[in-house]
Structure formats: C-alpha cells, structure tokens
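*Asks:* coords please:
(2 chains)
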2 protein chains.
Amino acid sequence: MLSDIKQVIVVRTDLNMSAGKIAAEVAHAAVSASEIARKNAYEWWKMWIESGQKKIVLKIEGGDRLMDLYKRACALNLPAALIYDAGYTEVPPNTLTCLGIGPAPSNLIDKITGQLPLLK
Amino acid sequence: MLSDIKQVIVVRTDLNMSAGKIAAEVAHAAVSASEIARKNAYEWWKMWIESGQKKIVLKIEGGDRLMDLYKRACALNLPAALIYDAGYTEVPPNTLTCLGIGPAPSNLIDKITGQLPLLK
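*Replies:* Predicted structure coming up:
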C-alpha cells in the first residue's frame, strides 16, 4: 500500500523570529519545495495537491542541523528546498531559516524528520 | 513602470492559533494561490518566482472580514485562495483560517489589503 503523501517544513527556533516571520519563511519553503516536486516528482506532487496538501511544521535549533537534514533528504532523492532570508527585517542577510521537504511519501520523509518535535 | 510583484497572505488572529498552526495555514494559502496564478496569470507567477517570491503576512480579525477581502480580490481578477482547515487539531472543522492573494502587482493587491497590519 502506498504511504500517504505529505510535505514537511522544518524551521529554526534559535533565531527568535516572530510568528509572522516564521509563517512567511515556512510559506517560502512550501512553495519552493512544491515547485521542485512539480518538476522532478510530478506524481507525488499531483497526489499531494489532489489529496489536500498535507503539511507538517517541525522545529529545530541551529543552521548546521538543518543543513544536515537537507543533505540527507537529497541523498534519498526527495524534493528539498533550503530557504535563506534576505535579511531586511528580523535576521542578518543570508540567514538559513528553514527547509521544505516534499511532497513525498510520509515513510520516506519520516526517515529524516521523524525525531523532530512539532512547532506549536 | 511595472509595479513589483508580491503575494499577500492574510491570516485570522481571532482563532488563537499557535505559531506552528499559523505557519502551516499560511503555507497552504501560499501554495494554493501560487497554483491559481500559475494557471491563470502565468506572467505574474513567473516574474514572482524569478524575483524571489516576495511574501507579506498580514493579520485580520474575523472570517466575515476575510471573506469580504476575498470577494474584492476576485472582483479585481486577482489570483486568490481561501483556506478552510479540516479541524483535526486547533480549530473546529471547516474553519476559514486565511486567504492568499497573488502573486500579482503590488499596487493592485494594496487596493485590497493596504490598510491591514503586518502579523508580527
């Protein structure tokens, strides 16, 4: 049975971004990873769009840990997008803020992000 | 001179959603409105993607006010997506949570959302 399809966005909480800033960065990751999937994993993307675009937002501390997740996602050939903020507002220029993975089958994404807590 | 291109997401603050929930709902609106623009306003969409996907997150109180904005966006033929949450977590089923408008020229979107405050 095919696993369900989801997108996971992992956001850094060590930057002390506001709720609005987090939302904008997460949205950026969601659109960017979705576009990568649409081009490189169209069947996953189509299933995800048609099934309601399940999204999960998780938290992590530190850019190095986020970069490590990105490399692991790429090694599994999952659609993945790192987001660097231009730094006009709350963080310094070119700060790595979050990572979008998928849409992809949940069981594959969970291999990478399964241990991370939800952002509440 | 062509106005710059942006996407605005307006989110309800009267629902007392957590930062993570807000981020997921805003991301949903961003992807949905982006898809509508890709199909119905491709040139705007392409400019937006290529210029870095500018996104602004604004706040509003009340679903009726959000619905009113949506109708005004549609009347201007702007790409617009209303997001209703399935209600598995923080809000009742089928709660209207946010609205994505654009990507579209800033001067057109500002006619609708220019008075609303930033979500911080």
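
*Asks:* Okay, buried residues for the helix or strand containing residue A:83 please.
*Replies:* Residue A:83 is part of strand A:80-85 when elements are defined by DSSP states H and E. Neighbour-count burial for strand A:80-85, counted by 16 or more other CB atoms under 10 Å in any protein chain shown, picks out A:80-83, A:85. Bear in mind the C-beta positions are built from the backbone N, C-alpha and C, glycine included.

*Asks:* cool, and stretch A:107-118?
*Replies:* Within stretch A:107-118, the residues that qualify as buried are A:108-109, A:112-113, counting by 16+ other CB under 10 Å.

*Asks:* From the chain's centre, how far out is it? Work that out for me.
*Replies:* Averaging C-alpha positions (CA atoms, centre = their mean, to the nearest Å) puts stretch A:107-118 11 Å from its chain's average.

*Asks:* With stretch A:102-113 instead?
*Replies:* Here stretch A:102-113 is found 10 Å from its chain centre; the criterion is CA atoms, centre = their mean.

*Asks:* Among the buried residues of stretch A:107-118, which one sits closest to chain B?
*Replies:* Ranked by distance to chain B (CB to the nearest CB), these are led by residue A:113 at 13.9 Å.

*Asks:* Do any residues in the following helix or strand past the strand holding residue A:83 lie close to chain B?
*Replies:* Later in the chain than strand A:80-85, the nearest helix or strand by DSSP H and E is strand A:95-105. No - against chain B, strand A:95-105 shows no contacts by CB under 8 Å from any CB of the partner chain, the least distance being 8.6 Å.

*Asks:* Okay, buried residues for the lengthiest helix in chain A please.
*Replies:* In chain A, taking DSSP state H as the definition, the longest helix is helix A:19-40. Buried residues in helix A:19-40, counted by 16+ other CB under 10 Å: A:19-38.
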